[in-house]
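Q: With the sequence up front, the predicted model follows.
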Amino acid sequence: MNAVEVDEQLDTSDVDRYVGKQIAGGQIKDPIAVNDIRRWVQGLDYLNPIHFDEAAAARTRFGGIVAPQSFTVNCDVGHGSVPALVGLIPGSHVIFGGDEWWFYGPRVRPGDKVRVERKFDGYKLAHTKFAGPSMFSRGDTLYVNERNEAIAKQRSTMVRYRADLARVRGHFDNVAETPEFTREQLREYAMQKKAWAQSGLSGEGPGAVAVGDALPIRPIGPHSKSSFQKEFAALLFTVWGSHYYEDGFLGLDTGWIPELSSGDDDLLSGAGPDEGPASGHGDIEKAKLIGMPRHFGYGSSMGAWALDYVAFWGGDDCLIRHARIDYRYPIFEDDVTLVNGSVIDLRFDALLGAKVAVVEVVMANQDGTIVAKGPVTVELARL
């Protein structure tokens, strides 16, 4: 083994002792409030009125405001990342690699108090163009309400890598310059946004569905530091005093480089867009330290956009049952994300006793680079 190969090793020795074990973490203190749901859909620009307008929601089978299924991730401290971030890897950083969801039926409503249970599922090692040796670490989060009903299970994949190797490789240096859009392009995006927003307002869902059906395109952006901060502020755990940490919590430091470490044991200031491990999202110099040339968005937002996109098409009576979204490329500041979808399967599920459709969701930026992709299985017309 030559010196270069030795120098590029990823030290995973401290991670192995946690495989298959339950992981302690943060818990949200209070029941879900109506304005928690409203702030979430506003932060994610999801215009379905049943999630913020009590009059519109009262006319549905829910009888009042109900959270979108994407809100489930907001009932956790750390949006599913904690059980996949265990063990010390010196000089490391992390990006979201993807989320898989299984939904069991109960919806989150105002007044619900949600608790999570976490387990470190394991990891695999791979060589990536971005950072060389990388760990694809999997963590499971189970969401349970106060009636002991399982709401959903989330399996998050976090890609852990050495920040110094990512800087040297400069994989994203070619996108350091911000894109420029013509007035005509921006007008077209605005028209597509309006058409998408109107497409699901009735809540009726699709009529006849066939394999090959295309869902309406949804542009999101151009993204900005302000839009990223708006998404971050919609997360419940960003509110001071909103959560507590269980005994046995492993802490926030899993080997971050000093510039992105919280620097102390004060968990109230341990993470945010401008300090701590997540500060690369809001601080351009820190972004460069972890191999990113511009401010970039949150993986949890990509997952939420995919769920909301299919749910809006499916209508108020649908229920997403499963989703597996791979996050393939960062969402950079000033980019536009174009969400597309098509029906790739349609069948009657005997176990559910209902018809289900599988929608392949593809998110790409203005250059056609795929940023996220995966299938979402939705139970149609759930009454």
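A: Ah, there it is.
Q: neighbours around Met302, how many?
A: Neighbour count of Met302, defined by other CB atoms under 10 Å: 26. Quick note: C-beta positions are derived from backbone N, CA and C, even for glycine.
Q: give the contact list for it.
A: With contacts defined as CB atoms under 8 Å, 6 or more residues apart in numbering, Met302 is in contact with Phe96, Ile325, Tyr327, Ile331, Met363, Val371, Ala372.
Q: if you set the cut-off to 10 Å instead, what comes out?
A: 96, 98-99, 220, 325-331, 337, 339, 361, 363, 371-372 (CB atoms under 10 Å, 6 or more residues apart in numbering).
Q: Then Leu289?
A: Applying CB under 10 Å, 6+ apart, the residues contacting Leu289 are His93, Ala163, Asp164, Ala166, Arg167, Ile257, Pro258, Glu259, Leu260, Ser279, Gly280, Asp283.
Q: Does the fourth one touch Thr128 like I think?
A: Yes. Proximity of Ala166 to Thr128 meets the contact threshold set by CB atoms under 10 Å, at 9.1 Å.
Q: Validate this expectation: Asp317 resides in a helix.
A: No. Asp317 is assigned coil when assessed by DSSP: H, G, I helix; E, B strand; the rest coil, not a helix.
Q: In strands only, show me the contacts of Leu289.
A: Under the assignment DSSP state E, the contacts of Leu289 contribute His93 to strands.
Q: Now list the buried members of the contacts of Leu289.
A: Listed as buried from these are His93, Ala163, Asp164, Ala166, Arg167, Ile257, Leu260, Ser279, Gly280, Asp283; burial here means 16 or more other CB atoms under 10 Å.
Q: What are the boundaries of the helices in this structure?
A: 3-7, 34-43, 54-58, 163-169, 183-199, 225-233, 284-289, 299-314 (DSSP state H).
Q: ok, back up a step: which residues are in contact with both of Ala166 and Thr128?
A: What both Ala166 and Thr128 touch, as defined by CB under 10 Å, 6+ apart, is the set Ser134.
Q: neighbours around Ile151, how many?
A: Neighbour count for Ile151, taken as other CB under 10 Å: 21.
Q: quick one: it and Glu117 touch, right?
A: No. Between Ile151 and Glu117 there is no contact under CB under 10 Å: 11.6 Å.
Q: Pull up the overlap in contacts between those two.
A: Jointly contacting Ile151 and Glu117 under the rule CB under 10 Å, 6+ apart are Leu142, Tyr143, Val144.
Q: so which of the residues you listed is the most crowded?
A: Using other CB under 10 Å as the neighbour test, those are led by Tyr143, with 24 neighbours.
Q: For the residue nearest to that residue when sequence neighbours are not counted, which residues are in contact?
A: Excluding the flanking residues, the one nearest Tyr143 by CB to CB, 6 or more residues apart in numbering is Ile151, at 4.3 Å. Contacts for Ile151 (CB under 10 Å, 6+ apart) come out as 67, 69, 72, 75, 103-108, 112, 114, 116, 142-145.
Q: Cross-check the contact I'm expecting between Gln366 and Ile220.
A: No. Taking contacts as CB under 10 Å, Gln366 lies outside contact range of Ile220: 11.3 Å.
Q: where do the contact lists of the two overlap?
A: Contact criterion CB under 10 Å, 6+ apart; residues shared by Gln366 and Ile220: Tyr189, Asp335, Val336, Thr337, Leu338.
Q: how much space between Phe249 and Gly297?
A: Per CB to CB, to the nearest Å, Phe249 is found 27 Å from Gly297.
Q: Trp40: neighbouring residues, count only.
A: Trp40 - counted by other CB under 10 Å - has 24 other residues nearby.
Q: quick one on the thing from earlier: more neighbours: which of Phe249 and Gly297?
A: Neighbours were counted for Phe249 and for Gly297 using other CB under 10 Å; Gly297 has more, 25 against 15.
Q: now the residue lying closest to the more buried one once chain neighbours are set aside: how far from Phe96?
A: Spatially, and ignoring its direct neighbours in sequence, Gly297 is nearest to Ile331 (3.7 Å; CB to CB, 6+ apart). To Phe96, Ile331 is 11 Å away according to CB to CB.
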